[in-house]
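Peer 1: no letters, just coordinates:
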């Protein structure tokens with residue numbers, strides 16, 4: 001009986017860790033992935049305060065397949081690389097990296113957020129997680145209206 005109680009008490013310590021949502025991994029080498037598009041969010045846009053700057057969107061091969069089919073498979077990763085936009089001399093150039101935003105498809109582990117894990121890495125620093133456990137409120141709430149497109153805003157260019 002002592003053995004069973006010891007086992008159950010040890011499981012009580014382990015189960016919360018098992019049920020916790022796994023961390024979204026940093027997308028190594030994402031700049032070599034398929035470039036989906038680039039856009040600029042400029043002053044006057046409702047998202048300017050949070051996301052103003054130059055966005056480059058990248059997709060790994062599984063995400064490219066998802067863009068083509070309309071349904072993203074597990075393992076699909078989409079990155080938005082947000083950089084400061086510096087206007088000068090009638091041109092806009094890239095400045096400092098503000099954040100590397102990541103959507104990582106894993107239907108089982110991220111079921112509560114449409115099958116997507118969300119994370120932002122401040123300044124592109126893999127140790128500076130800026131979303132963490134707030135994915136549902138910080139990211140998914142914004143992506144939820146895109147349910148018909150598997151929660152993804154961007155589309156492949158021709």
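Peer 2: Alright, I've got the coordinates. Since the structure is predicted, the reported quantities are computational estimates derived from the model, not experimental observations.

Peer 1: where's the closest residue to residue 138 other than its chain neighbours relative to residue 88, distance?
Peer 2: Leaving aside its sequence neighbours, residue 138 sits nearest to residue 131 (CB to CB, 6 or more residues apart in numbering; 5.3 Å). For the C-beta atoms, the positions are set from N, CA and C on the backbone; glycine is no exception. Per CB to CB, to the nearest Å, residue 131 is found 32 Å from residue 88.

Peer 1: who's more crowded, these two?
Peer 2: residue 131 (19 against 7; other CB atoms under 10 Å).

Peer 1: you'd agree the more buried one is up against residue 116?
Peer 2: No: between residue 131 and residue 116 there is no contact under CB atoms under 8 Å: 11.7 Å.

Peer 1: immediately after the strand ranked longest in the chain, which helix or strand?
Peer 2: Looking across the chain with DSSP state E, the single longest strand is strand 91-105. Using DSSP states H and E, the next helix or strand after strand 91-105 towards the C-terminus is strand 116-122.

Peer 1: all strands of this structure, in order?
Peer 2: Under DSSP E, the chain gives strands at 34-41, 53-59, 77-88, 91-105, 116-122.
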